[in-house]
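In: model this:
(one chain, ligands or ions: 1)
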Amino acid sequence: MVSTKTKIGNYEFENCFMNAAGVCCYDREELEKVINSDAGSFVTKTATLNIREGNPLPRYYDTDLGCINSMGLPNLGFEYYLDYLLELQKTMPKRAFFFSLVGLSQEETHTLLKRVQESDFNGLTELNLSCPNVPGKPQIAYDLETTEKLLAEIFVYFKKPLGIKLPPYFDMVHFDQAAAVFNKFPLTFINCVNSIGNGLVINDETVVIKPKNGFGGIGGEYVKPTALANVHAFYQRLNSNIKIIGTGGVLTGRDAFEHILCGASMVQIGTTLHKEGPGAFRRITEELKVLMREKGYKTIEDFRGKLKYL
Ligand code: YRO
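Out: Residues are numbered from 1 along each chain as shown. Below you'll find the predicted structure:
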């Protein structure tokens, strides 16, 4: 008997797979499809305080090796997702879910997190740090001074389990600097990685999405080596009580196995879920279990973080 169950903080999940924020999580109907699949949990589309339509279409495009998107944070607003999560706590008290959030300003982020703190929500909160900051400055996660100040302010009042969704970093010094900041705080998890920012896909002579003259976040096969590097770089550097969610380039059970070898406790599926639908959870879970059986591993803790070096 092989099991893919896992733990993050004090929460247990029957399966280590779930959706990545942004895919199959816009409304109740989509989230119910994830609940009714083999996934171990779900995360909501990143919610802002108010409902947002997002960018003009086309804003998502599939390619052979992945996808590009510039959705512009379309979501149904904080209250919609909170209401649904509170309802699920009553109907499915044994299961835990993730609430992804970000403010359009740091002030709005505090407003959202204070409301979560005051609410009865007892799941996990994921703060999307790929959020806009002051114009002329990079996204928050690429500005570690701002990240440290924001987290310091948050943990004054926020006492529930909190994690952060991170963009990929590409420099060893940035891994060192980012990990040093994250280790100062009682984070429950970090999630590596969001899409690789501001790529460009061209079809014949023309871009494939309308917003930002075609620039958008890249997901899918393109990102797996970057995602694995980020998961493992932080696994090597973070306090062991900060768990890691691995996201990026998971098409098969083998891809998930690699994320777990790098240190991931949970594995999210974005582009593949968008292409294949929620049936992807069963297929990828079965593929991972076959690989675990072949290798004699009974649980993901038997090989998590045990990447071998030459
Ligand atoms: O465009 C999006 O809604 C989006 N797409 C991603 O690949 N990752 C994200 O985190 C988001 C939401 C945040 C932002 C990129 C719009 C600032």
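In: neighbours of the closest residue to the ligand within the stretch 1-150 of the chain, how many?
Out: The minimum distance from the stretch 1-150 of the chain to the ligand, using C-beta to the nearest ligand atom, falls at Met71 (3.4 Å). Heads up, the C-betas are built off the backbone N, CA and C, glycines and all. Met71: 20 surrounding residues under other C-beta atoms under 10 Å.
In: burial of the residue lying closest to Thr226 once chain neighbours are set aside, as a residue count?
Out: Once flanking residues are discounted, Thr226 sits nearest to Pro168: 4.8 Å by C-beta to C-beta, 6 or more residues apart in numbering. Neighbours of Pro168 under the rule other C-beta under 10 Å: 20.
In: for Pro168, what are its contacts?
Out: Pro168 makes contact with 192-194, 196, 223, 226-227, 229-230, 248, according to C-beta atoms under 8 Å, 6 or more residues apart in numbering.
In: returning to what we had before: who touches the residue of the stretch 1-150 of the chain closest to the ligand in this structure?
Out: Per C-beta under 8 Å, 6+ apart, neighbours of Met71: 22, 54-55, 59-60.
In: now with 6 Å, please.
Out: The neighbours of Met71, taking C-beta atoms under 6 Å, 6 or more residues apart in numbering as the test, are 54, 59.
In: pLDDT score for the residue nearest to Thr226?
Out: On pLDDT, Pro168 comes in at 98.
In: name the SS class of it, please.
Out: What DSSP: H, G, I helix; E, B strand; the rest coil gives for Pro168 is coil.
In: which elements pack onto the lengthiest helix in the chain?
Out: For the chain, the helix with the greatest residue count under DSSP state H is helix 279-295. Helix 279-295 makes packing contacts with helix 253-261 when contacts are defined by 3 or more C-beta pairs under 6 Å, 6 or more residues apart in numbering; DSSP states H and E.
In: what parts of the stretch 101-250 of the chain come near the ligand?
Out: 128, 130-132, 194-195, 217 (C-beta under 6 Å from any ligand atom).
In: state the distance from Asp204 to the ligand.
Out: Noted for Asp204: a distance of 24 Å to the ligand, by C-beta to the nearest ligand atom, to the nearest Å.
In: meant to ask about Lys295
Out: For Lys295, the distance to the ligand equals 33 Å [C-beta to the nearest ligand atom].
In: so how many other residues sit close to that residue?
Out: 11.
In: repeat for the one 10 residues further on
Out: Counted with other C-beta under 10 Å, the burial measure for Gly305 works out to 17 neighbours.
In: what residues does it make contact with?
Out: Contacts of Gly305 by C-beta under 6 Å, 6+ apart are 235, 263.
In: what does it show for phi and psi?
Out: Main-chain torsions, Gly305, degrees, to the nearest 10: phi 80, psi 0.
In: nearest residue to Ala227 other than its sequence neighbours?
Out: Gly248 (2.6 Å).
In: compute the distance between that neighbour and Gly123, please.
Out: Look at Gly248 and Gly123: by C-beta to C-beta, to the nearest Å, they are 23 Å apart.
In: more neighbours: which of the two?
Out: Gly248 (34 against 21).
In: residue of the stretch 201-310 of the chain closest to the ligand, please.
Out: Gly217 (3.4 Å).
In: tally of neighbours for Ile190?
Out: Ile190, neighbours per other C-beta under 10 Å, totals 24.
In: oh, that last question was meant for Phe189, not what I typed.
Out: 24.
In: distance of it from Val173?
Out: 23 Å.
In: for Asn36, phi and psi?
Out: phi -90, psi 0.
In: report the two of the residues of the stretch 101-250 of the chain next to the ligand separated the most.
Out: Pro132 and Ser195 (15.1 Å; C-beta to C-beta).
In: of those two, which one has the most company?
Out: Higher neighbour count among Pro132 and Ser195: Ser195, with 27 against 14, using other C-beta under 10 Å.
In: distance of that one from Leu113?
Out: From Ser195 to Leu113 the distance is 23 Å (C-beta to C-beta).
In: before we move on, what about Val201?
Out: Using C-beta to C-beta, Val201 is found at 35 Å from Leu113.
In: ditto for Val156
Out: Taking C-beta to C-beta, one finds Val156 at 11 Å from Leu113.
In: could you do Ala264 as well?
Out: 25 Å.
In: neighbour count for those two, which is higher?
Out: Taking neighbours as other C-beta under 10 Å, Ala264 and Leu113 compare with Ala264 leading, 31 against 21.
In: quick one, helices of this protein?
Out: Under DSSP H, the chain gives helices at 28-35, 78-91, 106-118, 144-157, 172-182, 224-237, 253-261, 271-276, 279-295.
In: list the buried residues of the fourth one.
Out: When neighbours are counted by 16 or more other C-beta atoms under 10 Å, the buried residues of helix 144-157 are found to be 144, 146-148, 150-151, 154.
In: now that helix, how far from the centre of its chain.
Out: Taking the mean of its C-alpha atoms, helix 144-157 sits 20 Å from the chain's own mean (C-alpha atoms, centre = their mean, to the nearest Å).
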